[in-house]
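[1] Mind folding the following:
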Amino acid sequence: MNVQPAAFLRTTLPLGIDQIATLDTGRYHSIWLPDHMVSFWPDSIWTPEFTDLATVSPSPHRHLDAMAVAGAAAVLTKQVPIATSVVDTVRRHPAMLAQTALTLDHLSGGRFICGLGSGETENTVPYGFDFARPVSRFEEALQVIRLLWESEGPVDFEGQFYQLHHARMDTELYDGRCPPIWIGASGPRMLEITGRYADGWWPAGSWTPEDYAAKLGAIRESAERAGRDPMAIVPAFIMTCLIGDEEELAEILEAPLVKAILLQISAVELSKFGHDHPMGEHWRGYQDIDPGILTRERILDFLDQVDPQAILDLVPHGTPKELAGIVKGYCDAGLRVPKILDYGGMAGLKYGALSADKVREAEDELLRLVGN
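    Have a look, this model is predicted:
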């Protein structure tokens with residue numbers, strides 16, 4: 001089984017890009033860079049009262065532009081691919097995405113992976129971006145990007161969201177190859193689009209190996225209908241986990257920022273595991289998060305209602321060895337590029353300091369289990 005883990009480079013301050021050489025050793029398939037304006041954690045609990053992380057960073061929203069950081073990563077590395085995970089097509093015009101992706105591909109010597117998604121409320125609506133019909137906008141943006149990359153000379157395009165009139169992009173493809181496009185997707189329509197356009201895939205949420213396999217199957221069926229090789233689409237996953245023994249997990253699950261992980265999950269998804277959502281039956285997860293307006297009172301009420309078992313039922317957890325066994329189940333379902341992301345680091349500075357070593361231990365055990 002050909003499985004290779006990915007690395008993660010945060011795009012918040014403090015950046016830590018001076019450590020990137022440690023990721024450029026051949027161990028990792030690629031380095032993934034998130035792209036946000038704000039984080040998921042509510043302002044009301046990013047205070048020393050709730051977490052000592054607030055004593056070293058005044059805000060969880062100190063984000064840098066992922067495309068700019070990717071440029072720095074491209075010139076500071078020699079062999080590992082650099083991927084955005086993911087840039088949305090709401091805040092950036094597809095012509096600019098096409099040009100920036102080509103730029104990064106040239107800077108990296110053909111190692112850039114253009115990771116794209118349809119966007120989230122928190123990164124768009126507060127800034128005045130039009131978030132109507134994001135999936136339709138996303139599909140049309142993909143068409144524009146491909147058109148500009150693959151056409152010679154001026155091109156025209158008349159879409160619902162974008163228009164090109166004698167537009168051109170004469171910058172050559174690096175080594176004659178378009179940058180691969182990886183898509184973050186989980187809904188039926190996004191999975192279908194992924195099968196038609198993508199070279200790689202991250203699910204925006206997949207809580208069991210069976211769910212992962214079903215979503216991957218839908219992508220491959222779409223690829224076949226489009227006349228593409230379904231096995232050429234790389235199955236990846238940012239696996240949010242809690243790494244620790246029973247005693248550590250008991251303490252981790254009491255941390256407010258760890259409890260806040262349920263804010264990212266919809267009431268519909270949580271109900272599938274037999275739990276009512278603390279934010280109510282209409283909560284839509286990512287699409288309803290706005291850290292600036294989730295008041296202290298509402299978040300305190302949310303924290304009081306969180307059942308730790310609800311988190312354990314959704315989020316892979318255990319010692320590094322146990323966690324590797326869980327990830328192996330996803331690999332058996334088709335996953336080939338996992339990123340083990342230890343959310344337990346959000347329990348505070350103590351657990352944050354332990355997180356990297358735990359992740360590496362889990363990666364080593366996973367590679368042993370899959371025979372790499």
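[2] residue closest to the middle of this structure?
    In the chain, the centroid-proximal residue (Cα atoms, centre = their mean) is Ser85; its distance is 4.6 Å.
[3] so what's that one up against?
    Applying Cβ atoms under 8 Å, 6 or more residues apart in numbering to Ser85 gives the contacts Trp32, Leu33, Pro34, Asp35, Gly115, Trp182, Gly184, Trp202, Ile238. In this view, the C-beta of every residue, glycine as well, is placed from N, C-alpha and C.
[4] Look up the closest residue to the fourth one, ignoring the ones flanking it.
    What that stands for is Asp35. Ala66 (3.5 Å; Cβ to Cβ, 6 or more residues apart in numbering).
[5] what's the burial count for the one you found?
    Other residues lying near Ala66 total 23 when counted by other Cβ atoms under 10 Å.
[6] wait, it sits on Val87?
    Yes: between Ala66 and Val87 there is a contact under Cβ atoms under 8 Å: 6.2 Å.
[7] Common neighbours of these two, please.
    Common neighbours of Ala66 and Val87, counting by Cβ under 8 Å, 6+ apart, are Asp35.
[8] Kindly indicate which of the contacts of Ser85 lies nearest Lys215.
    Minimum distance to Lys215 across the contacts of Ser85 is 10.5 Å, recorded for Trp202 (Cβ to Cβ).
[9] Please tell me how far the closest one sits from Leu116.
    10 Å (Cβ to Cβ, to the nearest Å).
[10] Could you name every residue contacting both of the two?
    Val86, Trp182, Ile183, Gly184.
[11] and the last one, what are its bridge partners?
    When you say that, I think you mean Gly184. Trp202 (DSSP bridges).
[12] Provide a list of residues in contact with it.
    The contact partners of Gly184, by Cβ under 8 Å, 6+ apart, come to Ser85, Val86, Gly115, Leu116, Gly117, Trp201, Trp202, Pro203, Ala204.
[13] can you rerun that using 7 Å?
    Applying Cβ atoms under 7 Å, 6 or more residues apart in numbering, we find Gly184 in contact with Val86, Gly115, Gly117, Trp202, Ala204.
[14] which one of those residues has the most neighbours?
    Gly115 (29 neighbours).
[15] Assign it to helix, strand or coil.
    Three-state assignment for Gly115 (DSSP: H, G, I helix; E, B strand; the rest coil): strand.
[16] so it touches Thr84, yeah?
    Yes: at 4.2 Å, Gly115 counts as touching Thr84 under the criterion of Cβ atoms under 7 Å.
[17] Tell me which strands the longest strand belonging to the chain pairs with, and in which orientation.
    Counting residues, the longest strand found in the chain (DSSP state E) is strand 234-243. Each strand paired with strand 234-243, and its direction, by DSSP bridges: strand 200-202 (parallel), strand 317-318 (parallel), strand 337-342 (parallel).
[18] can you pull the buried residues of it?
    Within strand 234-243, the residues that count as buried by 16 or more other Cβ atoms under 10 Å are Val234, Pro235, Ala236, Phe237, Ile238, Met239, Thr240, Cys241, Leu242, Ile243.
[19] Please name the residues that touch the nearest residue to the fifth one once chain neighbours are set aside.
    Right, the one you point to is Ile238. Nearest residue to Ile238, sequence neighbours excluded (Cβ to Cβ, 6+ apart): Lys339, at 4.9 Å. By Cβ under 7 Å, 6+ apart, the contact list for Lys339 reads Pro5, Ala6, Phe8, Trp32, Ile238, Met239.
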